[in-house]
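>>> below is the structure, and that's it, no one-letter string:
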């Protein structure tokens, strides 16, 4: 007897609670901690490479400390600066976040984690963002309403290295920067840094707040947000590919800098280190910032136990921590570093025992278990490297056997199995390289056949099966590049048609489909242009310039979902602290899902890179006003006899609605379920039925089951197909 089958899909429908306008309610510290846990779980779920259980990565003590911090900052605004938080300010900040979020679907996820509770969202998600920014703004702008008994002397200090000069904590022009003088600058890489001649203390709040927080009791903070109507998340900025939006400068943005590092965690771009260069004056820093595109907001990176100020260092993301190492500091190249945990905003140092010798302009990759550092200057050390395990805080050297010649200003990518080092500057520019396997500590050379011309300060990305090398400086600045296949050890030259003009100190990211090159410089010319290179078609397309950040070099760029995040760099004679977000996705169609059942109305669509709030990719809903119905059911599966009187089946793949009923048809002829068929059951809610009727001698009964939903049009599912491929038809029941 015939039956039909198809894979099953589970449909989950979440009903959002109705929010009723109300005044503020009591909110305990424990409730705030539980809300913080819900928020952190969303972020941790998107953390790239995370392996530890959430409870280990973000322990209870960390949750409590985060809550305590934003409550103390709230009190500081009120008691030190006379600027108490208001419900109107929280609401306005929530509206700003909903309007400017770069990841609306992630913001909706955070809202859902807080039960779409308007008060919890404002008090536990919005308040920390707002008070963090306002406290930094207030502490940087000067004066304070000190609490009773706080003397003038206690808010003034003698920052380290100033030699007794009395400096108000609020007057720091470049918080956390070390002032040094560079005698010479060469193509963005300095020579002969002198010992610091001046020093500015910690950011004002970090220096001052820590001394008074003992007097700020977090339990004095009362909830002020009201449970008014929820704020709607607007259509995301990234609605079409090849478009720009700014990363605005805030009071708690990192200070202007170049030659810093940036990594992407899956939720945050973390900026650290670098130098503010103005003419021949270089301010090195050991500060940083975390940019959250979901909230379009910055938070500062702790400087407690942070590595010393430096530039031309490296940073990798391990899945749990950012590991910073090497670089050029006040006293020259260093072999120190630090491990930064963004969940706890804390630093641990990296060991120096067995570490590679001090260096800068080197490369570093994360292999999945170790950071592999190689090359860099000074050039006598440019052929050595090391493997660092951040869990054991231990180093092991990289082999010298068959290693590439010494070099700096080269590139390195990780393939998933090996590190490919290529190009750079030795005694001259190079077009040689090597493939290093850290699991067996061995090197293989890269072919010279058809390799790009010698160069340094180029970029390289890994596509999943190829390394793409582009741009650089050798005897000339190049607009050429090539792809390298490590499996076959072969090079293929890139097309130069429509390629960006030649440049150095630019950035490149891989989107999954294209390499995006942007910015950089050629001599005194600085670019705000770039290009998208598609290796499958070997073609270039220019990046949009409308809305792009100001031309710059020495900046950073990270790939963050649908976005390339560009930040910092050198704009002509000075460093900058702004950036831009470039949409790199291929826009698709999304459909309004008014009833929240996961299916949308095909008549109401939008083009976007990711689903706008309230839109979904599936446009098959037959009734977008009722979450209990969304389409025609698919075929019923696996029709079988349980015994001589009981027939059973499995529900369809897609039930088409929350409620599905079934018709069971019986016929004496397999080809006729219309004229010669009977309805055994009609609108049956279970997936089995009893038929006590027996066929006569020499006669067989054939059965078919049809599913039905409440879809307004075409609510009856199909009856499957005959062996010749034609669809079966059956009578209506009853």
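Arrived safely, thanks for sending. If you're wondering where the values come from, they're calculated on a predicted model, not measured in any experiment.

>>> ok, residue 74 - how many residues close by?
25 (other Cβ atoms under 10 Å). Bear in mind the C-beta positions are built from the backbone N, C-alpha and C, glycine included.

>>> again, but for residue 485
Neighbour tally, residue 485, other Cβ under 10 Å: 13.

>>> grab the longest helix from this protein for me.
Longest helix in the chain by number of residues (criterion: DSSP state H): helix 60-79.

>>> what packs against it?
helix 29-45, helix 127-141, helix 204-212 (3 or more Cβ pairs under 8 Å, 6 or more residues apart in numbering; DSSP states H and E).

>>> what's in contact with it?
By Cβ atoms under 8 Å, 6 or more residues apart in numbering, the residues outside helix 60-79 that reach it are 29, 32-33, 36-37, 40, 83-85, 124, 127-128, 131-132, 134-135, 138, 145, 147, 205, 209, 212-213, 216-221, 343-344.

>>> of these, which count as buried by neighbour count?
32-33, 36-37, 40, 83, 85, 124, 127-128, 131-132, 134-135, 138, 205, 209, 212-213, 216, 218, 221, 343-344 (16 or more other Cβ atoms under 10 Å).

>>> how many other residues sit next to residue 646?
Residue 646: 13 neighbours (other Cβ under 10 Å).

>>> does it touch residue 686 like I think?
No: if you go by Cβ atoms under 8 Å, residue 646 and residue 686 don't touch, sitting 11.1 Å apart.

>>> check what pLDDT the residue positioned nearest the centre of the chain gets.
Among the residues of the chain, the one closest to the centroid is residue 266, at 3.1 Å (Cα atoms, centre = their mean). Looking at residue 266, its pLDDT reads 97.

>>> same question, residue 185
34.

>>> look at residue 289 and give its secondary structure.
strand (DSSP: H, G, I helix; E, B strand; the rest coil).

>>> show me the beta-bridge partners of it.
residue 271, residue 300 (DSSP bridges).

>>> so how far is residue 577 from it?
Noted for residue 289: a distance of 9 Å to residue 577, by Cβ to Cβ, to the nearest Å.

>>> overlap in contacts, these two.
253, 254.

>>> which of these two has more residues huddled nearby?
residue 289 (22 against 19).

>>> wait, that one sits on residue 254?
Yes: in this structure, residue 289 is within contact of residue 254 by Cβ under 8 Å, at 3.8 Å.

>>> shared neighbours, the two?
271, 298, 300.

>>> let me know the closest of these to residue 545.
residue 271 (24.2 Å; Cβ to Cβ).

>>> wait, isn't that closest one in contact with residue 260?
Yes: counting by Cβ under 8 Å, residue 260 is a contact partner of residue 271 at 5.9 Å.

>>> and the contacts of stretch 114-129?
So stretch 114-129 is in contact with 16-17, 19, 24-25, 27, 31-32, 35-36, 38-39, 66-67, 69-70, 74, 85, 87, 90-91, 93-94, 97, 110-111, 223-231, 295, 297, 299, going by Cβ under 8 Å, 6+ apart.

>>> between the two ends of that stretch, how far is it?
16 Å (Cα to Cα, to the nearest Å).

>>> what comes up buried for that stretch?
In stretch 114-129, counting by 16+ other Cβ under 10 Å, buried: 114, 116-129.

>>> so among the contacts of stretch 114-129, which ones count as buried?
Buried, going by 16+ other Cβ under 10 Å: 27, 31-32, 35-36, 38-39, 66-67, 69-70, 74, 85, 87, 90-91, 93-94, 97, 110-111, 223-228, 230-231, 295, 297, 299, out of these.

>>> which other helices and strands contact the strand or helix carrying residue 112?
Residue 112 belongs to helix 104-113 when assigned by DSSP states H and E. Applying 3+ Cβ pairs under 8 Å, 6+ apart, one finds that helix 104-113 makes contact with helix 29-45.

>>> any idea which helix or strand comes after the helix it packs on?
Taking DSSP H and E, what comes next after helix 29-45 is helix 54-57.

>>> other SSEs contacting that next one?
Using 3+ Cβ pairs under 8 Å, 6+ apart, helix 54-57 is in contact with helix 29-45.

>>> let me know the angle separating the helix it packs on from helix 127-141.
Put simply, helix 29-45 runs at 90 degrees to helix 127-141, going by axes from the mean of the first three to the mean of the last three Cα atoms, to 10 degrees.
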